[in-house]
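Enquirer: Here you go, sequence then predicted model.
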Amino acid sequence: MGGTLKRISLTTWIFFGLAIGVGLGMEFPAAANSPVTLAVANVFLRLIKSIIAPLIFATLVVGIAGTGSVKTMGRIGLKAIIFFEVVTTIALFIGLGAVNLVRPGAGMTLERTTGEAALAKSPGLSEILEHTFPASIVDAMAKGDVLQIVVFSFLFGAACATIGSKSRPVVQVCESLAEVMFRYTKYVMYLAPVGVGAAMAYTVGKNGTTVLFRLGTLIITLYVALVLFVVLVLGVTAVIARVPLRSFWAAAREPSIIAFSTASSEAALPLALENMERFGVPKHIVGFVLPTGYSFNLTGSALYLSLAAVFVAQAAGIPMSFGQQLLMMLTLMLTSKGVAGVPRAAIVILAGTVTTFGLPAAGISVLLGADALMDMGRTAVNVLGNCLATAVVARWEGVDLRDVQSKQFQVESL
């Protein structure tokens, strides 16, 4: 019996917690809609928030400092980064368009705390600009102000990259901090089934089954948006770059399926590296672009984050102007860098963003109930997008991917 319990994955436990929470909320709404249930859900949220500041600081500093100076990054690095940022931005806009068109969060009633309501007041452009830059990084971390943490981390990482070897001890500390926070996040996620169950019990007890319908609508909206992104953006990009689609899919198919079934980009990385080399992409391009894409090219996650953040605003009945949504997208694009190895990374990043924009943190627990289903799709698109990035950069470098090696891979795989 003990061995069976150990074999049950965390995702399965989260589903158990979700089902129990929904059942309690439907059968015993008065008990579910109680301060005790809310307190249990809030404990989990507070632990999630405690991850944000040290994790973002450590991962961004290590990521930026690890690239070295701009001069040493070279031509391939510049092309890869440009491709990453353009495609990620398009993914954010597709997610934003989908959530505003379908409005899956409309009709729910998520409540904000007093502090969240205070943060939600719409600032002017001058206030936004001034507030973006921290007077104290300690104060920014204490308040969980993601924008200020990002700005400080970028400047700090750039300074480390500029002075070279002298900054190595500092970068090593950040590398260690990042590893510790990855493990810390893993421990916090062990509480996810309880936190999700309590949050869903409270939400269903308060709102009825409306929340379940809205979550279902959100999942469908996400997958339709991901399919559109793959076809209209990745597909068109491959055609423009003259990447042979059939043999590319033969190379990228299995890594993408592994990513979908395990909801883990890391699980797919070794096979993706091997297959893209066999596809015909030079080893030095694959070795640089694919791992870098795990920090800078999380297209599926970016699409989900923009969709989920606005979903929380809709569920709370908070109108957001187009300008506010753009600012939130910029925040999401910056804060999502470097956290591909973190369990439920998108939820952690989303928690920091909704806090910054005064949205109800209770929306995170609601989303986490359906996150496992959404994580599979966005992770598969992350891996597919990174595989395509290696092929596109190779084409920009003049590599002919329609050579004998590429054709041989196609024949063997099909």
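Expert: Now that the structure is in, tell me what you want to look at. What you are looking at is a predicted structure, and each value in this text was computed from that prediction instead of being measured.
Enquirer: the helices in the stretch 201-350 of the chain, which residues?
Expert: 210-229, 236-240, 245-262, 265-279, 283-296, 299-315, 322-335, 345-356 (DSSP state H, counting those that start in this stretch).
Enquirer: quick one, which of these is nearest to residue 138?
Expert: Of all the helices of the stretch 201-350 of the chain, helix 345-356 sits nearest to residue 138, with 16.5 Å by CB to CB. The C-beta positions use only the backbone N, C-alpha and C, and glycine is treated the same way.
Enquirer: got the angle between the closest one and helix 299-315?
Expert: Helix 345-356 runs at 40 degrees relative to helix 299-315, counting by axes from the mean of the first three to the mean of the last three CA atoms, to 10 degrees.
Enquirer: quick one: helix 345-356 to chain centroid distance?
Expert: 9 Å (CA atoms, centre = their mean, to the nearest Å).
Enquirer: Can I get that helix in PDB? Just the C-alpha atoms.
Expert: Coordinates of the C-alpha atoms in helix 345-356 are reproduced here as PDB (Å, rounded to 0.1, in the frame of the first residue of the first chain):
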ATOM      1  CA  ALA A 345       6.600  27.600 -13.000                       C
ATOM      2  CA  ALA A 346       3.700  29.400 -14.800                       C
ATOM      3  CA  ILE A 347       1.600  29.400 -11.600                       C
ATOM      4  CA  VAL A 348       4.500  30.900  -9.600                       C
ATOM      5  CA  ILE A 349       5.100  33.600 -12.200                       C
ATOM      6  CA  LEU A 350       1.400  34.300 -12.500                       C
ATOM      7  CA  ALA A 351       1.100  34.600  -8.700                       C
ATOM      8  CA  GLY A 352       3.700  37.400  -8.700                       C
ATOM      9  CA  THR A 353       2.000  39.200 -11.600                       C
ATOM     10  CA  VAL A 354      -1.500  39.200 -10.200                       C
ATOM     11  CA  THR A 355      -0.100  40.500  -6.800                       C
ATOM     12  CA  THR A 356       1.700  43.400  -8.600                       C
END
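Enquirer: now the residue nearest in space to the middle of the chain: how far from residue 372?
Expert: Geometric centre of the chain, nearest residue: residue 346, 3.3 Å, by CA atoms, centre = their mean. From residue 346 across to residue 372, the span is 12 Å (CB to CB, to the nearest Å).
Enquirer: which residues touch the spatially closest residue to residue 26 that is not a sequence neighbour?
Expert: Leaving aside its sequence neighbours, residue 26 sits nearest to residue 204 (CB to CB, 6 or more residues apart in numbering; 6.0 Å). Going by CB atoms under 8 Å, 6 or more residues apart in numbering, residue 204 touches 21-22, 24-26, 29, 32, 211-212.
Enquirer: quick one, which of the helices of the stretch 201-350 of the chain is nearest to residue 36?
Expert: Short answer: helix 210-229, nearest of the helices of the stretch 201-350 of the chain by CB to CB, at 19.7 Å.
Enquirer: list the buried ones in the closest one?
Expert: Going by neighbour count (16 or more other CB atoms under 10 Å), the buried part of helix 210-229 is 211-212, 214-215, 217-219, 221-222, 225-226, 229.
Enquirer: which other helices and strands contact that helix?
Expert: helix 70-102, helix 192-207, helix 299-315, helix 362-396 (3 or more CB pairs under 8 Å, 6 or more residues apart in numbering; DSSP states H and E).
Enquirer: I'd like these as TSV, with mean pLDDT appended.
Expert: Below are these laid out as TSV (pLDDT from 0 to 100):
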stretch	mean pLDDT
helix 70-102	79
helix 192-207	77
helix 299-315	87
helix 362-396	83
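Enquirer: Mean neighbour count, these: which tops it?
Expert: Comparing these by mean neighbour count (mean count of other CB atoms under 10 Å), helix 299-315 ranks first with a mean of 28.
Enquirer: now it against helix 265-279, angle please.
Expert: Using the same axes, to 10 degrees: helix 299-315 against helix 265-279 is 140 degrees.
Enquirer: I appreciate the help and will end here.
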